[in-house]
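Visitor: Just the structure for this:
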Amino acid sequence: QVQLVESGGGLVQAGGSLRLSCAASGTIFSINTMGWYRQASGKQRELVADITSSGITNYVDSAKGRFTISRDNAKNAVYLQMNSLKPEDTAVYHCNAAGVRNYVGRFIGDYWGQGTQVTVSS
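Guide: Have a look, this model is predicted:
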């Protein structure tokens, strides 16, 4: 079993910064891609940024230049540094681990964290 636990959300004024963290635990040998998704009230969940095990990153256009994703493979952790936050960034941010393999190399699934609320006031 695999669990993802997020932290670092909160309330911040527009222009401020937050750093989200997510740690995966369980019978994990490797994780192909880790990422952050967000879901604003009344909207569909969208990808914010993701990063492969080799460090290749991908960002939604609205996050480029403001957000930075990073990961620590040894800790099975992923981080999202969010700068210059805008009210439209307000959402529940979910961590995702895709392509998780156990210690015998078997693919055991994709996993989601429960989410952390980010609220940006104007």
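Visitor: Residue most distant from the centroid, the chain?
Guide: Distance from the centre of the chain peaks at Val104, with 26.1 Å (C-alpha atoms, centre = their mean).
Visitor: if I've got this straight, it is in a helix?
Guide: No. Secondary structure of Val104 (DSSP: H, G, I helix; E, B strand; the rest coil): coil, not part of a helix.
Visitor: measure it to Ile28 for me?
Guide: Applying C-beta to C-beta, to the nearest Å, the value for Val104 to Ile28 is 12 Å. C-betas here are computed from N, CA, C, even on glycine.
Visitor: The closest residue to Asp110 other than its chain neighbours: how many residues sit nearby?
Guide: In space, and not counting its chain neighbours, Asp110 is closest to Ala98: 4.6 Å by C-beta to C-beta, 6 or more residues apart in numbering. Other residues lying near Ala98 total 15 when counted by other C-beta atoms under 10 Å.
Visitor: can you give me phi and psi for Ala98?
Guide: Main-chain dihedrals, Ala98, degrees, to the nearest 10: phi -110, psi 140.
Visitor: May I have the beta-bridge partners of it?
Guide: For Ala98, the beta-bridge partners are Thr33 (DSSP bridges).
Visitor: Do a quick rundown of the strands in this structure.
Guide: 2-7, 10-13, 18-26, 30-39, 46-52, 57-59, 67-72, 77-82, 91-101, 107-112, 116-121 (DSSP state E).
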